[in-house]
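Student: output the structure for:
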Amino acid sequence: MVVLLFSTGILLTIKTGFVQFRNFRKAISLVMAGALGKSSESKGDGDISPFQALMTALSATVGNGNIAGVATAIAAGGPGAAFWMWITALVGMATKYAEAVLAIQYRVKMADGTMAGGPMYYCKYGIGGKLGAYLASFFAICGGIATLAGTGNMFQSQQIAMAAEQQWGIPPWCMGLFISVTVGLVILGGIKRIGAVAERLVPAMILFYFAGALSVILTNITEVPAALAMIVQSALSPEAVFGGAIGISIQQAVRFGVARGVLSNESGLGSAAIAHGAAKTNLPVVQGSIAMMGTFIDTIVVCSLTALTITVSGAYKKATFLVGPDGLGDSNLTVEAFNSGMPAALAGWGGAIVVLASLVFGFTTLIGWSYYGQICFEYLFGLRILKAYRVVFVVLLFVGTLFTGPSSPIVKNLGDIGNAAMAFPNLIALLLLCGVVSRMTHKTYQEKDMEAVSAKPIRLET
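Tutor: So this is what the prediction gives:
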């Protein structure tokens, strides 16, 4: 999986002329224009604005992978795992760009008038033939399973419940009941309600978490240079930093850094392409440029905040990679970092910030992934499956909160398996269709116009 993720990302980086660096400034301006309601790019077929599509994708990616996922990576692979998360994000920006370009290029209109895009449709219509149909169905099945049992559902509710129980002593089933009801009320409204909620909630939650993490980092500002040096050094030679006795190897740092990085930013999974496929635009390259900023915001910004709070506060010294099975991991390591690293004036508030962020991050991830699963199941069974799917989604959301204590790794492992299963057909499709992405991108460069390429006419899916 590591080889396939990196090789695909590097190939797309080269084939698109290093689009994540070349289009970076333009991408920022597009995102800012959307945030300020001044975007002129929301003209075309679709259900939600390009900015709402990004916020929906971010609602699904900026979740407990940024809080518990980063902590899990450091607990299992050492602080060096954060470095490999950054590398995964840099090449992943080109992957996310390609996914969104193809999502707009090959999306379809469903019988109820809503738009559907993503790996199923660029496999079916982009690759075509038996191989395309097989990869499309394989992705839809794996995506549906991952949505119900892994990353997009049970993992999020589990981490919310664990953080709330540790900080406030709330029984997991109580938190499970609360989030099941609130999530259910949102997803009943479909993609338009999900997009509207995400547009308002996602920027606010990122700023809230940013402020909390920044207070820890500024309180321990003198430790930042040493923390950054330790992250890089332990990524390349863990034994040189912590000694050979701990049993951490470069392989483990890479493995957990990449796994948690993919869990966090979803580049290569193909899931974000489903959200971007609903955007009101006929300009694939524009939407691709907007989409790649999701990976940057999620990992280079938000995940870095978590990694730095854990290292500068010294909380990593209590992690399982140093202490053993009785050490901290998951969201409780991040709670420890915020509690121990907060300035004296805010003593006791650190853990509360993490719990609130976990609740909001997890909530938005749940509503975003509920839409991903919906499109996967609609592809397989049609619109008739929608009501049953939403009921099962909410029920399993509650079940996830019951997997705490010794049984908690079950949900994380299910999430990793679901991610890998989704990624394989999507990455194969990206490799086969990289020529399409390359031609569209280079035509835009030649014309020096982001609107130089328009998508194909939208098909009606019966």
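Student: state the pLDDT value of the most centrally placed residue in the chain.
Tutor: Using C-alpha atoms, centre = their mean, the residue of the chain that lies closest to the mean C-alpha position is residue 61, 2.4 Å off. For residue 61, the pLDDT comes out at 74.
Student: and what of residue 380?
Tutor: Looking at residue 380, its pLDDT reads 92.
Student: part of a strand, is it?
Tutor: No. Read with DSSP: H, G, I helix; E, B strand; the rest coil, residue 380 is helix and lies in no strand.
Student: for the longest helix belonging to the chain, packing partners?
Tutor: Ranked by number of residues, the top helix in the chain under DSSP state H is helix 409-447. Helix 409-447 is packed against helix 2-15, helix 80-105, helix 119-121, helix 129-149, helix 154-168, helix 250-265, helix 284-295, with contacts defined by 3 or more C-beta pairs under 8 Å, 6 or more residues apart in numbering; DSSP states H and E. Where C-beta positions appear, they are placed from N, C-alpha and C, glycine not excepted.
Student: ok, which of those comes nearest residue 461?
Tutor: helix 119-121 (8.2 Å; C-beta to C-beta).
Student: the closest one - contacts with which helices or strands?
Tutor: helix 129-149, helix 350-381, helix 409-447.
Student: repeat that with 10 Å
Tutor: Helices and strands touching helix 119-121, by 3 or more C-beta pairs under 10 Å, 6 or more residues apart in numbering; DSSP states H and E, are helix 80-105, helix 129-149, helix 271-276, helix 350-381, helix 409-447.
Student: relative to helix 129-149, how tilted is the longest one?
Tutor: Pointing back at helix 409-447 there. Our comparison of helix 409-447 with helix 129-149, counting by axes from the mean of the first three to the mean of the last three C-alpha atoms, to 10 degrees, yields an angle of 130 degrees.
Student: parallel or antiparallel, list what pairs with the next helix or strand after helix 409-447.
Tutor: Once helix 409-447 ends, the next helix or strand along the chain (criterion: DSSP states H and E) is strand 459-460. Looking at strand 459-460 with DSSP bridges, its partner strands are strand 108-109 (parallel).
Student: quick one: contacts of the following helix or strand past the strand it pairs with?
Tutor: Sequence order places strand 115-116 as the next helix or strand after strand 108-109, per DSSP H and E. With C-beta atoms under 10 Å, 6 or more residues apart in numbering as the test, strand 115-116 has contacts from 45-48, 103-104, 107-110, 191, 274, 277-280, 374-376, 378-379, 458, 461.
Student: cool, stretch 207-225 as well?
Tutor: 62, 66-67, 227, 230, 301-302, 304-315, 334, 337-346, 349-350, 352-354, 356-358, 360-361.
Student: the strand or helix carrying residue 398: how far from the chain's middle?
Tutor: Applying DSSP H and E as the criterion places residue 398 in helix 386-400. Relative to its parent chain, helix 386-400 has a centroid offset of 21 Å by C-alpha atoms, centre = their mean, to the nearest Å.
Student: then stretch 10-24?
Tutor: That offset, for stretch 10-24, works out to 20 Å (C-alpha atoms, centre = their mean).
Student: quick one on the thing from earlier: among the contacts of stretch 207-225, name the ones in helices.
Tutor: 227, 230, 304-312, 334, 337-341, 350, 352-354, 356-358, 360-361.
Student: give the contact list for the closest residue to residue 125 other than its chain neighbours.
Tutor: Spatial nearest neighbour of residue 125, chain neighbours left out: residue 106 (4.6 Å); criterion: C-beta to C-beta, 6 or more residues apart in numbering. Neighbouring residues of residue 106 by C-beta under 10 Å, 6+ apart: 117-127, 273, 277, 284, 433, 436, 455-456, 458-459.
Student: mind doing that once more with 8 Å?
Tutor: 117, 121-122, 124-126, 456 (C-beta atoms under 8 Å, 6 or more residues apart in numbering).
Student: how about the residues you listed, which pair is most distant?
Tutor: Spatial extent of those (C-beta to C-beta) is set by the pair 124 and 456 at 13.4 Å.
Student: neighbour count winner among the two?
Tutor: residue 124 (24 against 13; other C-beta atoms under 10 Å).
Student: what pLDDT does the more buried one get?
Tutor: For residue 124, the model assigns a pLDDT of 94.
Student: just residue 260 next, same as before
Tutor: So residue 260 comes in at 69 (pLDDT).
Student: and what of residue 140?
Tutor: Confidence for residue 140, expressed as pLDDT, is 93.
Student: where's it relative to residue 318, distance?
Tutor: 42 Å (C-beta to C-beta, to the nearest Å).
Student: which of the two has more residues huddled nearby?
Tutor: Each of residue 140 and residue 318 has its neighbours counted (other C-beta under 10 Å); residue 140 has more, 25 against 19.
Student: that one against residue 385, yeah?
Tutor: No. Between residue 140 and residue 385 there is no contact under C-beta atoms under 8 Å: 11.4 Å.
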